[in-house]
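S.K.: Dropping a prediction and its sequence here:
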Amino acid sequence: MSSQQEVTYTLDFEVRQRSGPKGQVARRPSEDSAIPRIARLLALAIRLEGLIREQTIPDYAAVARRGRVTRARMTQIMKLLDLAPDLQEEILFLPLIKGLNERNLRPTASRIDWDEQRRLFRELTSRSDMSRDSA
């Protein structure tokens with residue numbers, strides 16, 4: 001005989017960091033001090049490219065499998081490395097700018113000419129700054 005039973009759980013997914021000798025719990029940093037996602041993605045792409053060059057990881061497909069993402073998504077992330085070096089540096093140290101994300105940077109990264117990339121990036125960040133000021 002089989003009977004069905006319904007079980008309901010309530011889970012708390014709040015991110016917490018342990019600190020201190022007694023395991024005191026610290027809250028996640030505020031949004032103002034958090035590292036923007038685009039900066040974290042670019043840093044990840046730089047690190048992964050280094051691991052592939054060192055032959056620690058054989059190729060992007062292996063990275064995608066290990067990261068449990070599609071190869072297409074891995075390609076999107078790694079395309080950030082096609083940005084001009086000065087734009088990469090700027091992204092790594094930018095404050096959080098609303099509207100500046102990997103998806104919005106794809107057209108910029110797809111340009112071969114770095115001067116054109118710089119122009120598109122300035123347009124994107126100036127639009128984002130204006131929308132942030134009006135909010």
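M.R.: In hand now; what should we look at?

S.K.: all contacts plus neighbour counts: C-alpha atoms, from now on.
M.R.: Fine.

S.K.: And the spatially most central residue of the chain, how far from Thr108?
M.R.: Centroid-nearest residue in the chain, with C-alpha atoms, centre = their mean: Leu41, separated by 3.0 Å. Leu41 sits at a distance of 16 Å from Thr108 (criterion: C-alpha to C-alpha, to the nearest Å).

S.K.: can you count the residues close to Ala61?
M.R.: By the criterion of other C-alpha atoms under 10 Å, Ala61 has 16 neighbours.

S.K.: just Glu123 next, same as before
M.R.: 12.

S.K.: any idea which helix or strand carries it?
M.R.: helix 114-134 (DSSP states H and E).

S.K.: Report the mean per-residue pLDDT for that helix.
M.R.: The average of the pLDDT scores along helix 114-134 is 80.

S.K.: now swap in stretch 47-56 and tell me
M.R.: Stretch 47-56 shows a mean pLDDT of 93.

S.K.: For it, list every residue counted as buried.
M.R.: 48-49 (16 or more other C-alpha atoms under 10 Å).

S.K.: how far is that stretch from where the chain is centred?
M.R.: Offset of stretch 47-56 from its chain centre (C-alpha atoms, centre = their mean, to the nearest Å): 18 Å.

S.K.: dump the residue contacts of the residue nearest to the centre of the chain.
M.R.: By C-alpha atoms under 8 Å, 6 or more residues apart in numbering, the residues touching Leu41 are Ile77.

S.K.: and it, that one's in a strand?
M.R.: No - counting by DSSP: H, G, I helix; E, B strand; the rest coil, one finds Leu41 to be helix, located in no strand.

S.K.: So what's the residue count around Ala84?
M.R.: 20.

S.K.: and what of Val69?
M.R.: 12.

S.K.: State the distance from the residue nearest to the centre of the chain to Ile91.
M.R.: In terms of C-alpha to C-alpha, Leu41 sits 10 Å off from Ile91.

S.K.: If anything else comes up later, I'll come back, but that's it for now.
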